[in-house]
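Participant: dropping a prediction and its sequence here:
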Amino acid sequence: MPTTSSTTTPPAVISRLLAHVRGHAAERPDEPAVITADGALTWAELAVSVDTASRTLHAHGIGHGTVVALATGRDRHALTALLSVWALGATAVLLDERHPAAHLGSVTANSDAEWIIAAELTPEVLGNGLPVLTASDLFEEPAEAAAAVAAEPKYSPDDVAYVIHTSGSSGRPKGVDVSFGNLEAFVDAIETLGMPRGGNGVVAVSPAFDGWLWCTLLYLVHGNALGIVDLARSAADGPAAAIAALTPRVVCLTPSLLAACEGGVDSAEAIVVAGEPCPPDLAKRHATGRRMLNVYGPTEATIAATWADSARGDDLTTIGTSIPGYAVHVLDPEGRPVPDGEEGELYIGGPGVALGYRHEPELTARHFVTDPLLGRVYGTGDLVRRRADGQLEFRGRGDTQVKVRGFRVELTEIERRAVGPGVAQAVAYLLPGGRTVGLAVVPAEGYPGDGELRDLLAARLPAHQVPSVIRRLETLPLTPNGKTDRAALATAHAAADGDGSGRQLPEPADALLSTVTRVWNTALEQPVTDVDADFFASGGHSLLAAGMITALREETGVSLSMRELLSNPTIRACADLVRARLAQTTAAS
């Protein structure tokens, strides 16, 4: 591949990445570099396409510091677009074209984007008036070239390489500025991994998620083809079949997605999980006979910060130790180091710590701090415990704490207690109304049953942490990033039955039963249609019971005592008691 353009030399880290492309093109020119459902590129074709596209972009006036939004992550020219933008010292803004148009508009505006390269988006969809180049436009130089940009710009390690927004597809976008210097620290680290060279890798996450960059750069460095799997349009047989069709040699997935793709990764020599905690059973199953890594890292620390690697004997139930060049610190709320074995917040230091939040100086100052001893560090908000062997145990998010009846509840603590024999995955979530917790589980062989699992949790957790509802699912719902979607679980619960079994329960058979059911639903702020469900097992407690007794008296004219409710804690029993009292009143009159 010749020089990227006739007038500019890429930033140093991009020159290294382009050298990898040239090397793969020389060694295996006809092997695929990118594979999609719509076509593929060989390494030789990729080398030529990056050179051509960078000249085309340069002719459009795109160069050092230009901000270019990319919505090409599922296209066969995804890697071409990214590398050609970077080769000119421009800033890439990663988009997912399937996010709502309003969100895309907010992201491009917040990023100060000047151009968009897209496979599907149009200016009409975006509604922001920015010029749009299609993937095919990358290879057609304009009839009239734009005014020449500086021949040899002086790149700084602090120039912004890319912007990723961390708020997902809803809410106010929060952009993270990652520099070319940050990117170089990350490339330094992944070049040490020594993953299998050649063959296919799997990219199955949203292009707006930095897990997409993790996969893309890891595969590029090691000469693996980017096998881009579009989960929304995968084969009718599901994601496992779509992944298996690639016969991947290396697989990078979230644990939730890996669990949903059992059988699809049998050909893999190495599996990398990242993005969320990895259940021990999942690690045990997939680490047998192959290399496996459990990788942790926030966007604010340039994709990855720690990893546990089975090749060096690490415990894959941990997030391991810091990656080369990075530093990790476990601190208390006052910023003091905590002793090994005690829980604290994880702070990350080193050259991978990002520049900060775009146009958010106060937020940046709050989360990116300079310590006299530790240097500049990023406070992750994640809770960890450093073991005696130096490996870090992930203990949950500080912001996965919720309040239930005035108590602080750590959802990840419930999940840790639930996962075990017979339970492959577990996700806790706050039920509608915010007064009780639900638990979604993916059963495995030997599942003890909902009642026994709840009893087990009741023996391990305080009463306010015990799930009132357990729902069995074949797979957990995922966000576009491949992470478990807690919000979807809570939303789905509102339309689900109350016992978690998945069966449709009959409506109450008479008016009184309907009245009592309605009072229960109002008190518990969730649908309970099983007339034999226990009030207290469904999330009820003394305060709710008192309110329910008052509502029953207003609805039926019958006043029950707390003792009577405790003795008759189901809808059916409660209705029978009210019916008997009404009969007594009628007989007495």
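Facilitator: Arrived safely, thanks for sending. Residues are numbered from 1 along each chain as shown.
Participant: what's the closest non-adjacent residue to the most centrally placed residue in the chain?
Facilitator: For the chain, the residue nearest the mean C-alpha position is residue 483 (3.6 Å; Cα atoms, centre = their mean). In this structure, residue 483 finds its nearest non-sequential neighbour in residue 276, 5.1 Å apart by Cβ to Cβ, 6 or more residues apart in numbering. Quick note: C-beta positions are derived from backbone N, CA and C, even for glycine.
Participant: contact partners for the one you found?
Facilitator: Neighbour list for residue 276: 254-256, 483-484 [criterion: Cβ atoms under 8 Å, 6 or more residues apart in numbering].
Participant: now tabulate those in CSV and tack on distance to residue 371, pLDDT and secondary structure.
Facilitator: Converted to CSV, these look like this (distance: Cβ to Cβ, whole Å; pLDDT from 0 to 100; DSSP: H, G, I helix; E, B strand; the rest coil):
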residue, distance to residue 371, pLDDT, secondary structure
254, 32, 84, coil
255, 32, 83, helix
256, 35, 75, helix
483, 30, 72, coil
484, 33, 79, strand
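Participant: top of those residues by neighbour count?
Facilitator: Most neighbours among these, by other Cβ atoms under 10 Å: residue 256, with 28 neighbours.
Participant: turn the contacts of residue 276 into TSV, columns for distance to residue 459.
Facilitator: Output for these, formatted as TSV (distance: Cβ to Cβ, whole Å):
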residue	distance to residue 459
254	31
255	27
256	27
483	30
484	25
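Participant: between those, which is nearest residue 520?
Facilitator: residue 484 (29.3 Å; Cβ to Cβ).
Participant: distance-wise, check residue 367 relative to residue 268.
Facilitator: From residue 367 across to residue 268, the span is 36 Å (Cβ to Cβ, to the nearest Å).
Participant: and those two? Which one has more around it.
Facilitator: Taking other Cβ under 10 Å, residue 367 and residue 268 do not tie; residue 268 has more neighbours (26 against 17).
Participant: quick one on the thing from earlier: report the secondary structure state of the residue nearest to residue 483.
Facilitator: Recorded secondary structure, residue 276: coil (DSSP: H, G, I helix; E, B strand; the rest coil).
Participant: which residue ranges of the stretch 451-589 of the chain form strands?
Facilitator: 469-472 (DSSP state E, counting those that start in this stretch).
Participant: flag the shaky bits of it, pLDDT-wise.
Facilitator: For the stretch 451-589 of the chain, applying pLDDT under 70 flags the ranges 462-464, 480-481, 493-510, 525-529, 536-547, 562, 588-589.
Participant: cool, the stretch 151-300 of the chain as well?
Facilitator: In the stretch 151-300 of the chain, residues with pLDDT under 70: 151-152, 167-173, 234-237.
Participant: just the element for residue 438, please.
Facilitator: strand 437-443 (DSSP states H and E).
Participant: pull up the pairing partners for that strand, direction included.
Facilitator: Counting by DSSP bridges, the strands paired with strand 437-443 are strand 423-430 (antiparallel), strand 469-472 (parallel).
Participant: would you put the C-alpha positions of the longest one in CSV?
Facilitator: Taking C-alpha atoms only, strand 423-430 is exported to CSV below (Å, rounded to 0.1, in the frame of the first residue of the first chain):
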residue,chain,number,x,y,z
VAL,A,423,-28.5,-21.4,37.2
ALA,A,424,-26.4,-20.3,34.2
GLN,A,425,-27.2,-16.6,34.3
ALA,A,426,-29.1,-14.3,36.6
VAL,A,427,-30.1,-10.6,36.3
ALA,A,428,-31.8,-8.7,39.1
TYR,A,429,-33.9,-5.6,38.3
LEU,A,430,-36.2,-3.2,40.0
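Participant: which residues does that strand contact?
Facilitator: 255-256, 259, 279, 281-282, 402, 404, 411-412, 414-415, 418-419, 436-444, 447, 453, 467, 476, 484, 486-487, 489-490, 493.
Participant: from the chain's centre, how far out does it sit?
Facilitator: 15 Å (Cα atoms, centre = their mean, to the nearest Å).
Participant: got the phi/psi numbers for residue 46?
Facilitator: Residue 46 has phi and psi values of phi -60, psi -40 when expressed as degrees, to the nearest 10.
Participant: end-to-end on stretch 351-362?
Facilitator: Stretch 351-362 has its terminal residues 21 Å apart, counting by Cα to Cα, to the nearest Å.
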